[in-house]
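Chemist: Need coordinates for the following:
(chains A and B)
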Amino acid sequence: MTLRLSYFSWVRERMGVAEEEVAPPAETATIADLIRWLAERDERGGLAFADPGRIRVAIDGLMATPGTKLAGAGEVALFPPVTGG
Amino acid sequence: MIRVAVQSGAIDVPAEMDLHDAGGHGATASFIGRVRGDDGLIELFLEHHPVMTSAGLADLAHVAADRWQLAAITLIHRVGAMAPGDTIVLILASSRHRVEALAACEFLIDRLKTDVMLWKRETFVDGRAQWVEQRDGDHARAERWD
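Modeler: You can find the predicted model right below:
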């Protein structure tokens, strides 16, 4: 499975890139699995995803939850809670 | 009329008022959010998503239009680097009478703060920079509209 990830705000800063393509292992079934894999993959991921409770996720433009399945996903956006207005 | 925009240029409030008011509405409520220069802040940077930010604003405008009898909605958010005093967000909601216009305007800013993909970064005169954290009070206000 190949996913296109995009990062925003301090998640982007900690990851050092705004977007990247990744190929997580086959057992990565849900958003929670993906975040766990990113946190363990390297140091920057450890910094960005140490606290999954602070991460929000959208799959192909729709908000998702930790339990949302990744099957069929194109773009997965990962970001902190929003602070506009 | 529903007008939604995400823009890096300054928000021209008088021009937007004129555009919004074409036709003359009985009641118009407005909210203008500006950059505060507190604690030596010299820049406020607003990051956004290239697609989802404007889609989120449009969704909010349509929810408001379904919920209240509105003649016009203007919802404009600036992105990129701003200085103290600059307008960040402009919301105009018009109806025949004040109650619906005021309620819709308050709904739009409350929900914008919790639902739309925008992130603030503050830079201060001493060089410090920090991403703004979401406030619990913002969620409480947004949830009043559930």
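Chemist: Find the nearest non-adjacent residue to residue B:58, please.
Modeler: Nearest non-adjacent residue to residue B:58, counting by Cβ to Cβ, 6 or more residues apart in numbering or on different chains: residue B:4, 4.9 Å away. C-beta: built from backbone N, CA, C; applies to glycine.
Chemist: Is that neighbour in a helix, a strand, or coil?
Modeler: On the three-state scheme (DSSP: H, G, I helix; E, B strand; the rest coil), residue B:4 is labelled strand.
Chemist: Now do the helix or strand harbouring residue B:15, average pLDDT.
Modeler: Using DSSP states H and E, residue B:15 falls within helix B:13-21. Mean pLDDT, helix B:13-21: 96.
Chemist: And for stretch A:48-67?
Modeler: For stretch A:48-67, the per-residue pLDDT averages 96.
Chemist: before we move on, which element is residue 32 in?
Modeler: Using chain A. For residue A:32, the host element (DSSP H and E) is helix A:31-41.
Chemist: think we crossed wires, I meant chain B
Modeler: Following DSSP H and E, one finds residue B:32 within strand B:27-34.
Chemist: Which parts of the chain are strands?
Modeler: Here I'm looking at chain A. Along chain A, counting by DSSP state E, strands occupy A:3-7, A:19-22, A:56-59, A:62-64, A:75-79.
Chemist: try again with chain B
Modeler: Going by DSSP E, chain B shows strands at B:2-7, B:27-34, B:41-48, B:72-78, B:80-82, B:87-95, B:118-124, B:129-131.
Chemist: With mean neighbour count and mean pLDDT added, can I get those strands in JSON lines?
Modeler: Output for the strands of chain B, formatted as JSON lines (neighbours: other Cβ atoms under 10 Å in any protein chain shown; pLDDT from 0 to 100):
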{"stretch": "strand B:2-7", "mean neighbour count": "16", "mean pLDDT": "98"}
{"stretch": "strand B:27-34", "mean neighbour count": "17", "mean pLDDT": "98"}
{"stretch": "strand B:41-48", "mean neighbour count": "19", "mean pLDDT": "98"}
{"stretch": "strand B:72-78", "mean neighbour count": "24", "mean pLDDT": "98"}
{"stretch": "strand B:80-82", "mean neighbour count": "15", "mean pLDDT": "98"}
{"stretch": "strand B:87-95", "mean neighbour count": "24", "mean pLDDT": "98"}
{"stretch": "strand B:118-124", "mean neighbour count": "20", "mean pLDDT": "98"}
{"stretch": "strand B:129-131", "mean neighbour count": "13", "mean pLDDT": "97"}
